[in-house]
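> Need coordinates for the following:
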Amino acid sequence: MRMKSLVAALLSAGVVTFAYADITVGVLVSATGPAASLGIPEKNTFALMPTTIAGEKVKYIVLDDASDTTTAVKNTRKLLTEDKVDVIMGSTITPNSLAMVDIAAEAETPMISMAASARIVDPVDAKRRWVFKTPQNDVQMSTAITEHMNNSGVKTVAFIGFSDAYGEGWWQEFSKIAEVRKMKVVASERFNRADTSVTGQILKIMSTNPDAILIAGSGTPAALPQKTLKEKGYKGKIYQTHGVANNDFLRVCGKDCEGTFLPAGPVLVAAQLPDSNPVKKSALEYIAKYEKAHGPGSVSTFGAHAWDAGLLLANAVPAALKKGKPGSKEFRAALRDALEGTKNLYAAHGVFNMTATDHLGLDQRSRVMVKIEGGKWVAQK
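Next comes the predicted model:
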């Protein structure tokens, strides 16, 4: 009774005050499974994120979805219902992110994906109004690849991609743009992320004798078709997507990667960019921070997608705090609005300018063509 009386007295005297709850960030990464080479640098990057934003403490709850869609859905529900997070960040790959969209929208909680497919945010409808993303769209990168193919005299092209939403997204965008640029697509094949052989698909492709081949995969599994092409003696041009832009891919693919072209975010070759490049400074800042923690040469473009998600959040929080407290419906709604209102945010992979119809907000400053030479990434002019 005495304790109750003391609390009552303190309350009446205005001595006891209550601070905001922490800003709680739910993070899903594919730190194990076929996409681990993408998810591990993302997980490492979240350990470098600020623990306070606009004077409020930030709590990160990081879960591994093991590159599995079912696990991603389960973990998303846990973060929303048990941990009551204010924002979801993830997942690493397209299939998982697409499966999470409905859940985030139902909970009216903003989500920032670190996966590439344009379908994650496009079109911005009643569900996707809650969803944003940081990686460059497959549309942007398809444009860069087909432009390079055209300039290199490619007339016929074949395609082999993942048999999931990532591969299908790339097929839809690449095939449309290739047709517009008057290139003939002579073959289209698929493979699974966990496959150990793609010999049948590669032999079918090579029978059409294409000038160039696009492999639409991500992480180390994308090395399998490339190695098989080299093994079977293919002599044409090989292109990969920005889904392979990390050193683990170079390690696994080895000498079979030589001469490969791909579009990538500025982080991959930041030191090679001219000082006039508007993204060079912000890209180098992330690289310095990551490599200080993990050693020279350890940085990854995928970790940078996570870093950019953190920058988007930090930029949006001050405006959201004016309309609600962390943990409240009002704060989550205000956070969504503030993310959508992002303007001229210089990040590791580009400059973000969001609108009500564009929840990526990156332009062509977010990509550069790269060639693999001598086991290294070399920016193309």
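
> hey, let's count contacts and neighbours off CA atoms from now on
Fine.

> quick one: which helix or strand includes residue 305?
Taking DSSP states H and E as the definition, residue 305 sits inside helix 301-321.

> and residue 135, which of the three is it?
Under DSSP: H, G, I helix; E, B strand; the rest coil, the three-state class of residue 135 is coil.

> I am assuming it contacts residue 303, so please confirm or correct that.
No: Residue 135 is not in contact with residue 303 according to C-alpha atoms under 8 Å; the separation is 10.6 Å.

> residues shared between the contacts of those two?
With C-alpha atoms under 8 Å, 6 or more residues apart in numbering applied, the contact sets of residue 135 and residue 303 do not overlap.

> For the stretch 201-350 of the chain, which segments count as helices?
When assigned using DSSP state H, counting those that start in this stretch, the helices of the stretch 201-350 of the chain occupy the ranges 223-231, 247-253, 280-294, 301-321, 329-340.

> can you put those in CSV and add mean pLDDT, distance to residue 92 and mean neighbour count?
Below are the helices of the stretch 201-350 of the chain laid out as CSV (pLDDT from 0 to 100; distance: least, C-alpha to C-alpha, whole Å; neighbours: other C-alpha atoms under 10 Å):
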stretch, mean pLDDT, distance to residue 92, mean neighbour count
helix 223-231, 98, 19, 19
helix 247-253, 94, 16, 18
helix 280-294, 97, 18, 18
helix 301-321, 97, 8, 23
helix 329-340, 98, 20, 22
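
> Which among the ones you listed is found nearest to residue 265?
When the helices of the stretch 201-350 of the chain are compared by C-alpha to C-alpha, helix 301-321 sits nearest residue 265, at 6.8 Å.

> Can you tell me what sits against the closest one?
By C-alpha under 8 Å, 6+ apart, helix 301-321 touches 38-46, 49, 53-54, 89, 112-114, 133-135, 245-246, 265, 267-268, 286, 331-332, 334-335, 338-339, 342, 345, 347-349.

> contacting residues around the residue lying closest to residue 71 once chain neighbours are set aside?
Once flanking residues are discounted, residue 71 sits nearest to residue 65: 5.1 Å by C-alpha to C-alpha, 6 or more residues apart in numbering. The neighbours of residue 65, taking C-alpha under 8 Å, 6+ apart as the test, are 28-32, 71-72, 75.

> Kindly state the pLDDT recorded for residue 65?
You'll see residue 65 listed with a pLDDT of 98.

> swap in residue 246?
For residue 246, pLDDT reads 89.

> Can you tell me the closest non-neighbouring residue to it?
Beyond its immediate neighbours in the sequence, the residue positioned closest to residue 246 (C-alpha to C-alpha, 6+ apart) is residue 300, lying 5.3 Å away.

> Kindly report the same for residue 370.
Leaving out its chain neighbours, the residue that sits closest to residue 370 by C-alpha to C-alpha, 6+ apart is residue 379, at 4.5 Å.
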